[in-house]
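Asker: what follows is a predicted protein model with its sequence.
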Amino acid sequence: MFDSGLGVSITSLTGGLNHSQIQILRNSGIRTFELNPVNFVSDYDRAVREAFKKMLAETGKKAISYHIPFTKPDDLSDPDETIRIRALSRFRALLKEAEFFGSEILILHPSTEPVDQSLRPEHIAQLRKSMAEVEAEIQERKMRLALELLPRQCMGNMVADLRKMLDGFSDTFGCCLDVNHLMGQFRTLPAIVRDLGPKLIALHISDYDGIDERHWLPGMGVIDWKAFLEALRDIGYTGPFNYEVKLNYEVPTPDWIAAIESNFRRMKHFLQ
């Protein structure tokens, strides 16, 4: 599970990429990155995108995953067909962005929030409709799409929910497990990993207080990391090991990266 090396979401490192930060990432021990459109919000001439892509090519690092935004206009499950169609248009534009960076996995929230609980069946039907409409486009780019397990009353807040969404689809679609999203059910994390099995293709790694998502560094909260890692080993997980932690604005970027790298080394010791 550690074969792809340390992975980190860019949003955990900086609010927006620039050329000096790209140089810091070049020199870091991070091997895979998760991108998000907000990383390039000020890159009007695409120069930062081009520089980041060049860095990837020269170092062998990967922008292995690309997180689709989860605002209302991006909700592929919206019961309002007009909103869903517009969200599909936005999704297709970002699919091209992910392709530009050579990303292999798209991370998608099954819904935004709040969700009208009386409309959950409609949300699932609309999401499956959207998935069917973009499946071939994802396959053509040799990518996969991971539906993220979400908290609270969002769509996809239970494994059973995700199974309904994925039922009948090819392996183009799988799941992303954000270990902060189990709320009070954190003790079930190893069982959820084993339940998802081969459908688990991406991770968001961080720790929390067992109440609400905090995105702390592992070891600062309630998660039993040894049990979690043993479950990943048992299912033969080979996807990215991606840290999605809260950005620490008080620490210089190189020092914050060093803290994450040190944490990753400790994680690997759990299975030795």
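Answerer: Thanks, I have the structure now.

Asker: which residues in the chain form strands?
Answerer: Remark: strands assigned in the chain by DSSP state E are 6-9, 32-35, 62-67, 105-108, 144-148, 173-178, 200-204, 241-243.

Asker: quick one, which of those strands is nearest to residue 128?
Answerer: If you check each of these against residue 128 by C-beta to C-beta, strand 173-178 wins as the nearest, at 9.9 Å. In this view, the C-beta of every residue, glycine as well, is placed from N, C-alpha and C.

Asker: which strands and helices sit next to the closest one?
Answerer: Strand 173-178 makes packing contacts with strand 144-148, helix 159-166, helix 189-196, strand 200-204 when contacts are defined by 3 or more C-beta pairs under 8 Å, 6 or more residues apart in numbering; DSSP states H and E.

Asker: show residues contacting it.
Answerer: Outside of strand 173-178, the residues that reach it under the criterion C-beta atoms under 8 Å, 6 or more residues apart in numbering are 105, 107, 131, 135, 144-150, 162, 166, 192-193, 196, 198-204, 206, 213, 244.

Asker: from residue 112, how far out is residue 133?
Answerer: For residue 133, the distance to residue 112 equals 19 Å [C-beta to C-beta, to the nearest Å].

Asker: who's more crowded, these two?
Answerer: The neighbour count for residue 133 versus residue 112, taken as other C-beta atoms under 10 Å, is higher for residue 112 (20 against 15).

Asker: so who does that one touch?
Answerer: Counting by C-beta under 8 Å, 6+ apart, residue 112 makes contact with 70-72, 74-75, 154.

Asker: which among those gets closest to residue 46?
Answerer: For these, the closest approach to residue 46 (C-beta to C-beta) belongs to residue 74, at 21.3 Å.

Asker: I'd assumed residue 92 was in contact with that closest one.
Answerer: No. Using C-beta atoms under 8 Å, residue 74 and residue 92 do not qualify as a contacting pair, with a distance of 11.7 Å.

Asker: for these two, indicate the residue with more neighbours.
Answerer: For residue 74 versus residue 92, the count of surrounding residues by other C-beta under 10 Å is larger for residue 74: 20 against 12.

Asker: for the more buried one, list the residues it contacts.
Answerer: Counting by C-beta under 8 Å, 6+ apart, residue 74 touches 68, 87, 90-91, 112.

Asker: what pLDDT does the model give it?
Answerer: What the model reports as pLDDT for residue 74 is 97.

Asker: same question, residue 271
Answerer: We note a pLDDT of 86 for residue 271 in this prediction.

Asker: mind listing what the residue lying closest to it once chain neighbours are set aside touches?
Answerer: Distances taken as C-beta to C-beta, 6 or more residues apart in numbering put residue 229 closest to residue 271, at 5.5 Å, once the chain neighbours are dropped. Shown here is residue 229, whose contacts under the criterion C-beta under 8 Å, 6+ apart are 1, 267, 270-271.

Asker: so which residues make contact with stretch 247-266?
Answerer: With contact meaning C-beta under 8 Å, 6+ apart, stretch 247-266 is reached by 6, 8, 11-15, 21, 24-25, 28-30, 217-219, 241, 243, 245.

Asker: just the residues you listed: which are in helices?
Answerer: When these are checked against helices using DSSP state H, the ones located there are 21, 24-25.

Asker: hang on, the earlier thing: from the contacts of residue 229, list just the buried residues.
Answerer: By the neighbour-count criterion of 16 or more other C-beta atoms under 10 Å, those include these buried positions: 1, 267.

Asker: can I get the contacts of residue 229 in JSON lines including distance to residue 123?
Answerer: Written out in JSON lines, the entries for the contacts of residue 229 read as follows (distance: C-beta to C-beta, whole Å):
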{"residue": "1", "distance to residue 123": "32"}
{"residue": "267", "distance to residue 123": "35"}
{"residue": "270", "distance to residue 123": "37"}
{"residue": "271", "distance to residue 123": "38"}
